[in-house]
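*Asks:* Below is the sequence, then the predicted model.
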Amino acid sequence: MNVASLLEAARAKGIRIATAESCTGGMVAAALTDIPGSSDVVERGFVTYSNAAKMDLLGVMKATLDAHGAVSEEVAREMAEGALAHAPVQLAVSITGIAGPGGSEFKPEGRVCFGLAARGRPTQVETVEFGAIGRAQVRAAARDHALDLLVKALTRP
């Protein structure tokens, strides 16, 4: 499904979307808003690159960041749920990861954690290891994966 079809599916269901992005820096929101007429579906995007922004704008807990680090499913969960709580939307997707270059033995380059929060449903989180494919490629792959998560959320019963 392309982005225009994603927006049409959301529109048909009366669903508004928010994004909470770290390593993608707003690429998901940009992909959604590249389509004319997206304003009736896309409510807002949070670019929370720093830990302070994650806490201030989305309510991510310092204890979660201290215990698990910014690149974790726990933080992705709190980011998605924070976007849902801080915006008049029914669906929110979050992304936090290590686009590179760099990383560590425990958190390698290309690791990206995603969250998907929807009103009335349990929040889903997952980690994808894109590998050390380069910063631009990791960011693009993360954007596309987040869009796919939105599509799946909009097409399941």
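*Replies:* Perfect, thanks for sending it.
*Asks:* Roughly how far does the residue with the largest distance to the centre of the chain sit from residue 130?
*Replies:* Centroid-distance maximum for the chain: residue 105 at 24.0 Å, with C-alpha atoms, centre = their mean. Going from residue 105 to residue 130 by C-beta to C-beta, to the nearest Å gives 17 Å. C-beta: built from backbone N, CA, C; applies to glycine.
*Asks:* And the helices in this protein?
*Replies:* For the chain, applying DSSP state H gives helices covering 3-13, 27-33, 51-58, 62-68, 73-85, 135-155.
*Asks:* Just give me the residue closest to the centre of the chain.
*Replies:* residue 94 (2.1 Å).
*Asks:* can you tell me which residues contact that one?
*Replies:* Residues in contact with residue 94 (C-beta atoms under 8 Å, 6 or more residues apart in numbering) are 19-21, 76-77, 79-80, 83, 114-117.
*Asks:* Next one: residue 121 from residue 81, what distance?
*Replies:* Counting by C-beta to C-beta - residue 121 and residue 81 are separated by 11 Å.
*Asks:* Which one's more surrounded, these two?
*Replies:* residue 81 (19 against 12; other C-beta atoms under 10 Å).
*Asks:* Settle this for me: that one is touching residue 119, isn't it.
*Replies:* No: Residue 81 lies out of contact with residue 119 (C-beta atoms under 8 Å); the separation is 10.7 Å.
*Asks:* Which per-residue confidence value corresponds to the closest residue to residue 74 other than its chain neighbours?
*Replies:* Leaving aside its chain neighbours, residue 74 sits nearest to residue 68 (4.4 Å; criterion: C-beta to C-beta, 6 or more residues apart in numbering). Residue 68 carries a pLDDT value of 97.
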